[in-house]
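Student: Make a model of this:
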Amino acid sequence: MNLEDHKSGNFTKQFGYKSFFPNPINFEWNINNPKINMLLEEANLHLGQLNAFSSFVPDVNVFIRMHIVKEATQSSRIEGTRTRMDEAVLEEKDISPDSRDDWQEVQNYIEAINFSIGRLERLPLSSRLIKDAHKILLQGVRGKNKLPGEFRTSQNWIGGATLTDASFVPPHHSQIDECISDLEKFLNNDEIQVPHLIRIGIAHYQFEAIHPFLDGNGRIGRLLVTLYLINQNILTKPTLYLSDFIEKHRSTYYDNLMGVSINNNLEQWLKFFLVGVIETAKKAILTFTKIIALRDELEKQTILSMGKKLISARALLHFLYSKPVITVSDIVETLSLSKQSANGLIKDFCNLGILTEQTGYKRNRIFTFTEYLKLFQE
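Tutor: Residues are numbered from 1 along each chain as shown. So this is what the prediction gives:
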């Protein structure tokens with residue numbers, strides 16, 4: 001199938017509205033567009049460079065935790081939550097009551113990401129895995145009554161107040177199993193020759209067009225990209241997440257998805273998708289580079305003045321890389337220090353400019369590793 005010849009699907013008349021039924025995608029695709037081929041080559045180059053970073057950076061999993069936190073925060077922000085990264089790494093007890101619902105949605109997404117990546121070692125990238133991730137995503141939050149872990153059994157829509165004025169109506173729920181089956185086969189079909197980034201770009205569009213869940217489709221659809229790249233060993237670590245790029249180009253993202261369904265413009269969608277991969281990979285590489293430089297400065301220069309406390313200082317720094325917003329009790333528990341020693345260590349880190357106290361309180365204080373956290377927010 002040539003990309004330019006693909007017909008995305010048909011609008012089917014239902015009772016009082018028309019729903020979109022996407023055509024199958026599980027076949028070999030031919031790419032005759034020079035621009036797409038150039039973008040594909042560049043995207044693969046940057047993914048290779050990003051993968052190299054995750055191979056030689058010591059303790060890379062410590063830093064990857066913050067990449068996952070950023071993805072959960074940004075992906076949830078697209079859906080309307082307002083939790084910041086510095087809040088996302090706090091414990092529930094340290095979150096104000098009026099912010100806890102949004103905070104919990106982000107925590108669920110972090111858990112869904114980690115769960116899904118772990119399950120890939122035993123399960124293929126399948127509807128079962130996607131459903132399990134979806135169940136975690138909606139557990140105990142505002143979507144908890146919208147069939148967590150199950151495909152929808154009623155019609156949903158995008159935009160508008162009702163079905164009749166919706167901007168897009170996905171397939172009727174009776175067609176979901178057929179659509180997902182084709183998508184699942186396409187993701188795992190070793191008998192067809194399709195470049196991986198083209199395959200997952202097409203698959204992401206198809207998933208969003210199917211919109212198989214009553215809630216959480218956007219987050220699961222974005223997670224699908226990372227899971228596919230890990231499943232195919234394009235990435236050895238979960239270092240690429242597109243939500244930040246999508247959030248910054250949200251209207252263009254939706255326009256390009258709609259352009260496929262309405263105008264069969266799959267090529268334009270793939271150009272946007274590949275640019276997203278390129279920009280996201282470049283940004284992740286830059287972040288890793290800055291992390292390494294900051295770590296070298298702190299560990300080889302800044303904390304060397306701490307003398308007898310150097311071992312504890314190194315342990316605290318290592319902890320801060322995965323949890324850059326902390327309390328005294330965090331240090332007491334993690335480093336097995338007395339409260340007095342933990343307070344002394346924090347005071348030293350504040351004097352060295354590593355930590356900044358955020359609350360202004362004398363009790364229940366919260367300290368932020370600001371310079372490090374900024375690297376994920378730039």
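
Student: In contact with residue 280, which residues?
Tutor: Contacts for residue 280 (Cβ atoms under 8 Å, 6 or more residues apart in numbering) come out as 240-242, 244-245. In this view, the C-beta of every residue, glycine as well, is placed from N, C-alpha and C.

Student: Please identify the buried residues of the helix or strand harbouring residue 340?
Tutor: Here residue 340 is covered by helix 339-351, with elements defined by DSSP states H and E. For helix 339-351, the neighbour count (16 or more other Cβ atoms under 10 Å) marks 342, 345-346, 348-349 as buried.

Student: List just the nearest of the residues you listed to residue 367.
Tutor: Of all these, residue 367 sits closest to residue 346, with 5.9 Å by Cβ to Cβ.

Student: What pLDDT does the model give that closest one?
Tutor: Predicted confidence (pLDDT) for residue 346: 94.

Student: How many residues are close by residue 365?
Tutor: 15 (other Cβ atoms under 10 Å).

Student: For it, give its distance to residue 331.
Tutor: Taking Cβ to Cβ, to the nearest Å as the measure, residue 365 falls 12 Å from residue 331.

Student: for residue 30, same thing?
Tutor: Using Cβ to Cβ, residue 30 is found at 58 Å from residue 331.

Student: which one of those two has more residues nearby?
Tutor: Neighbour tally, residue 30 and residue 331, criterion other Cβ under 10 Å: the higher count belongs to residue 331, 24 against 12.

Student: Does that one touch residue 344 like I think?
Tutor: No: under the criterion of Cβ atoms under 8 Å, residue 331 makes no contact with residue 344, lying 10.2 Å away.

Student: what is the mean pLDDT for whichever helix or strand comes after the helix holding residue 340?
Tutor: Downstream of helix 339-351, the first helix or strand assigned by DSSP H and E is strand 356-357. In this model, strand 356-357 has a mean pLDDT of 94.

Student: Pairing partners for strand 356-357, with directions?
Tutor: As defined by DSSP bridges, the strand partners of strand 356-357 come to strand 367-368 (antiparallel).

Student: residues touching the residue lying closest to residue 18 once chain neighbours are set aside, list them.
Tutor: Leaving aside its chain neighbours, residue 18 sits nearest to residue 11 (4.3 Å; criterion: Cβ to Cβ, 6 or more residues apart in numbering). By Cβ under 8 Å, 6+ apart, the residues touching residue 11 are 18-21.
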